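structure for the following, please:
(one chain, ligands or ions: 1)
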Amino acid sequence: MAKVLLDKSKRDWWKSAVFYQIYPKSFQDTTGSGVGDLRGIISKLDYLENLGIDGIWLSPVCASPQVDNGYDISDYCAIDPMFGTMEDMEELIAEGKKRGISIIFDLVLNHSSDQHKWFKEALKGKDNPYHDYYIWREGDENTPPNDMRATFGGSAWTYVPELKEWYFHQFAVEQPDLNWENPKMREDIYKMIRFWVEKGIEGFRLDVIDQIGKDPDLQITCNGPKLHDYFRELSAKAFIEEGIVSVGEAWGANTERAKLYSAPDGSELSMVFQFEHICLDQEPGKDKWDMIPLSLPKLKDCYRRWQQELHGCGWNSLFFNNHDLPRVVSRWGNDKEYRVESAKMLATMLHGMEGTPYIYQGEELGMTNICLPIEKHVDLETLNVYKERVGLGYDPEEVMKSIHARSRDNGRTPMQWTDGLNGGFTEGTPWVSVNENYKEINAEAALKDLDSVFYYYKKLIDLRKTYPVFSDGSFTLLCPEDEKVFAYTRDTENAHMLVVCNFTGETLEFEIPEEYHGSEMLIGNYSEYAPELRPYEAVILYYEG
Ligand code: GLC
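A predicted model of the protein is given here:
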């Protein structure tokens, strides 16, 4: 099956595209350093072309002290030597283009590293021109301006005695927030973005972008009053070319907000990463470590709302995994006896919807979570929550249970390429543990097996680019209260498709609507069609007329 190439001169080409996220540190090492690099990505472009994807969302590769794995940038226009050189980056862009693969750069615009020259200058004094690139409040050293908490634990304010001022950081102490109120700071950001566009970057993923309009005095983090003004300015000044794709990470987005973000006139962004579905299996009002079982009717209702409310007036992205999330097959599937079936079922449910799908590295192999003792964890958020909760008197075993289910390290274990040393990721010592199941789950084995999760994703990608109903069809949820089956239809005037997914390891009855009797099966995870739904079965039926 040859890859279907999209015409990227079309304004909304990304509406029928499928993207693939690479977390460079864990993708492919070519130097033996134990850390993935740009040349490693170049060496795997043929693999990605074979899968059929249209673009790579590349997690940050800019210069960084790596306190938060590159989400703390010290120079936006330099490549971190750990990943390679600017020439490697240019080669990656050029080699990607040859294969119809665009590079989508990760822009961390909410904060920089404390090692960025802007922050170093800012520390020199209140009169320094860069001081106002960050958010400061005066005060005495014992009283932070307010009790806002940082996402990675502790206060969101850090005191600088020399200045007698506190600076704001929503994440780590080493990630001071940029002051978007300052037009000079914004102009420097746009200049930097243009630098990358001129290098051939064709899109941007905008890290925690719904926080740039924050108002720390009112304790507003997401969705601040000027947020959409900033987006419009960003779009007008930096994303000038029509084909540039932009996707905003927005934990605080609801459907109304998302419609603004992704308004069809292109005045803000192309699409949004929203997280409502991801938060359904945590206790309302608490954080991700406080888990509750997933309710399928709630999940279905969430998707229904997003599908229906954005149809024709906004655009969503479709994803289960990224570098901050656990592996979906371990989370909502069955990563033991039905690993392959449930990985394919989940993919079917997601890729049948309207939006732009994002596949996270290893998802196309059905990679799973990892179970590590705390000493082997490396993610600062994970280490902080362990310390914080055990300190507060939580049972360490319970804390570890939630870490095994939710830690960001689950998604960051190295890509499993072969059954050889370290899964073929590195010949050195990997920076984070390799999942032992690489002997069974790896790309080499998947490529040899026509029934693998890999080929299933390849087919889903191909279907999206072949049948317009995948991107254009309206969405209708079937059996909303059913706790085991997720079924929906997608319709355009003359094309109709039915997606049915069994979310359990049981065999179930399911009545196929009459109009689909005798229709074509576009894809399914069991070789033949049967009247009942087998464990984790998924199928897409289709007819025209
Ligand atoms: C985003 C990134 C995450 C990072 C945080 C701070 O949520 O995806 O990895 O830690 O922003 O930049």
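
looking at it, residue 83 is touching residue 61, isn't it?
Yes: the pair residue 83 and residue 61 passes the contact test of CB atoms under 8 Å, sitting 4.5 Å apart. (C-beta placed from N, C-alpha, C; glycine too.)

residues shared between the contacts of these two?
24, 38 (CB atoms under 8 Å, 6 or more residues apart in numbering).

name the residue of the stretch 301-450 of the chain that lies nearest to the ligand.
Taking CB to the nearest ligand atom as the measure, the stretch 301-450 of the chain has residue 324 as its residue closest to the ligand, at 4.7 Å.

in which helix or strand does the residue positioned nearest the centre of the chain reside?
Closest to where the C-alpha atoms of the chain average out (CA atoms, centre = their mean) is residue 322, at 3.9 Å. Here residue 322, judged by DSSP states H and E, is contained in no helix and no strand.

for the spatially closest residue to it that is not a sequence neighbour, what are its contacts?
Once flanking residues are discounted, residue 322 sits nearest to residue 360: 5.3 Å by CB to CB, 6 or more residues apart in numbering. The contact partners of residue 360, by CB under 8 Å, 6+ apart, come to 20-21, 23, 319-323, 325, 411.

repeat that for 10 Å
Shown in contact with residue 360 (CB atoms under 10 Å, 6 or more residues apart in numbering): 19-23, 57, 319-325, 327-328, 367, 411.

look up phi and psi at it.
Note on residue 360: backbone dihedrals following degrees, to the nearest 10 are phi -90, psi 140.

one more: residue 395?
Taking degrees, to the nearest 10 as the convention, residue 395 sits at phi -70, psi 120.

residues near it, how many?
10 (other CB atoms under 10 Å).

do you know the pLDDT at it?
What the model reports for residue 395 is a pLDDT of 97.

tell me how far it lies from residue 303.
Residue 395 sits 35 Å away from residue 303, taking CB to CB, to the nearest Å as the criterion.

related to what we said a few turns ago, quick one, what contacts the residue nearest to the centre of the chain?
Contact analysis of residue 322 by CB under 10 Å, 6+ apart lists 21, 23, 57, 59, 205, 249, 273, 275, 278, 358, 360-361, 363, 408, 411.

now, of those, which are buried?
Among the contacts of residue 322, those scoring as buried are 21, 23, 57, 59, 205, 249, 273, 275, 278, 358, 360-361, 363, 408, 411 (criterion: 16 or more other CB atoms under 10 Å).

between those, which is nearest residue 145?
Nearest to residue 145 among the buried ones among the contacts of residue 322, counting by CB to CB, is residue 249 at 26.1 Å.

these two touch, right, the closest one and residue 211?
Yes: counting by CB atoms under 10 Å, residue 249 touches residue 211, with 9.4 Å between them.

who touches both of the two?
Taking CB under 10 Å, 6+ apart as the criterion, residue 249 and residue 211 both touch residue 110.

narrow the buried ones among the contacts of residue 322 to those in strands?
Judged by DSSP state E, the buried ones among the contacts of residue 322 include 21, 57, 205, 249, 273, 358, 360 as members of strands.

those residues: which two are farthest apart?
Farthest apart among those by CB to CB are 249 and 360. That separation is 13.6 Å.

need the residues touching each of the two.
With CB under 10 Å, 6+ apart as the test, residue 249 and residue 360 both reach 322, 324.

not counting sequence-adjacent ones, nearest residue to the residue in the chain positioned nearest to the ligand?
Residue nearest to the ligand within the chain: residue 71 (3.4 Å; CB to the nearest ligand atom). Spatial nearest neighbour of residue 71, excluding adjacent residues (CB to CB, 6+ apart): residue 108 at 5.4 Å.

ditto for residue 373
Using CB to CB, 6+ apart and skipping residues adjacent in sequence, the residue nearest residue 373 is residue 400, 8.0 Å away.

the one you found sits in which helix or strand?
Here residue 400 sits within helix 396-406, counting by DSSP H and E.

give me the buried positions along that helix.
Using 16+ other CB under 10 Å as the test for burial, helix 396-406 gives 399-400, 402-406.

which one of those is nearest residue 349?
Among those, residue 405 lies closest to residue 349 (CB to CB), at 20.4 Å.

my guess is that closest one contacts residue 332. True?
No: between residue 405 and residue 332 there is no contact under CB under 10 Å: 11.3 Å.

what about the ligand: which of the buried ones among the contacts of residue 322 touch it?
Filtering the buried ones among the contacts of residue 322 for proximity to the ligand by CB under 6 Å from any ligand atom leaves residue 249.

can you list the domains in this protein?
According to automatic domain parsing, the chain comprises the domains 13-111+183-370+433-460, 117-168, 472-544.

tell me, how many residues neighbour residue 311?
Using other CB under 10 Å: residue 311 sits among 15 other residues.

give me the nearest residue to it, chain neighbours excluded.
Here the residue nearest residue 311, using CB to CB, 6+ apart, is residue 474, at 5.8 Å.

what segments of the stretch 351-500 of the chain are helices?
Under the criterion DSSP state H, counting those that start in this stretch, the stretch 351-500 of the chain carries helices at the ranges 380-391, 396-406, 443-448, 453-466, 469-472.

make a markdown table out of the ones you listed and add distance to the ligand.
Below are these laid out as a markdown table (distance: least, CB to the nearest ligand atom, whole Å):
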| stretch | distance to the ligand |
| --- | --- |
| helix 380-391 | 7 |
| helix 396-406 | 14 |
| helix 443-448 | 24 |
| helix 453-466 | 23 |
| helix 469-472 | 26 |
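
reformat those as a markdown table; add distance to residue 433.
Listed next are the helices of the stretch 351-500 of the chain as a markdown table, based on distance: least, CB to CB, whole Å:
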| stretch | distance to residue 433 |
| --- | --- |
| helix 380-391 | 13 |
| helix 396-406 | 13 |
| helix 443-448 | 19 |
| helix 453-466 | 22 |
| helix 469-472 | 37 |
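
most tightly packed of the domains of the chain?
Of the domains of the chain, the one with the most neighbours on average (mean count of other CB atoms under 10 Å) is domain 13-111+183-370+433-460, at a mean of 20.

so how far is residue 512 from the residue nearest to residue 311?
Between residue 474 and residue 512 the computed distance is 20 Å (CB to CB).

now residue 330: closest residue in space that isn't a chain neighbour?
Once flanking residues are discounted, residue 330 sits nearest to residue 369: 3.8 Å by CB to CB, 6+ apart.

who touches the one you found in this structure?
326-331, 335, 404-407, 409-411, 413, 435.

ok, now residue 499?
Residue 499 makes contact with 348-353, 475, 478, 486-490, 522-523, 538-542, according to CB under 10 Å, 6+ apart.

so which of those also contact the ligand?
With the criterion set as CB under 6 Å from any ligand atom, no member of the contacts of residue 499 is near the ligand.

if we can go back for a sec, hmm, the residue nearest to residue 71 is touching residue 69, no?
No: Residue 108 is beyond contact range of residue 69, at 11.1 Å (criterion: CB under 10 Å).

and for these two, which residues touch both?
Taking CB under 10 Å, 6+ apart as the criterion, residue 108 and residue 69 both touch 59-60.

before we move on, the earlier item: return the two entries of the buried ones among the contacts of residue 322 that lie farthest from one another.
275 and 361 (19.4 Å).

return stretch 348-359 as CSV; C-alpha atoms alone will do.
Provided in CSV are the C-alpha atoms of stretch 348-359 (Å, rounded to 0.1, in the frame of the first residue of the first chain):
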residue,chain,number,x,y,z
THR,A,348,-10.5,2.2,15.6
MET,A,349,-12.7,4.1,18.0
LEU,A,350,-10.4,7.2,17.8
HIS,A,351,-9.5,7.2,14.1
GLY,A,352,-13.1,6.8,13.1
MET,A,353,-13.9,10.3,14.4
GLU,A,354,-13.7,13.8,13.0
GLY,A,355,-10.4,15.6,13.9
THR,A,356,-6.7,15.2,13.2
PRO,A,357,-5.3,12.0,14.8
TYR,A,358,-1.9,12.0,16.6
ILE,A,359,-0.1,8.8,17.1
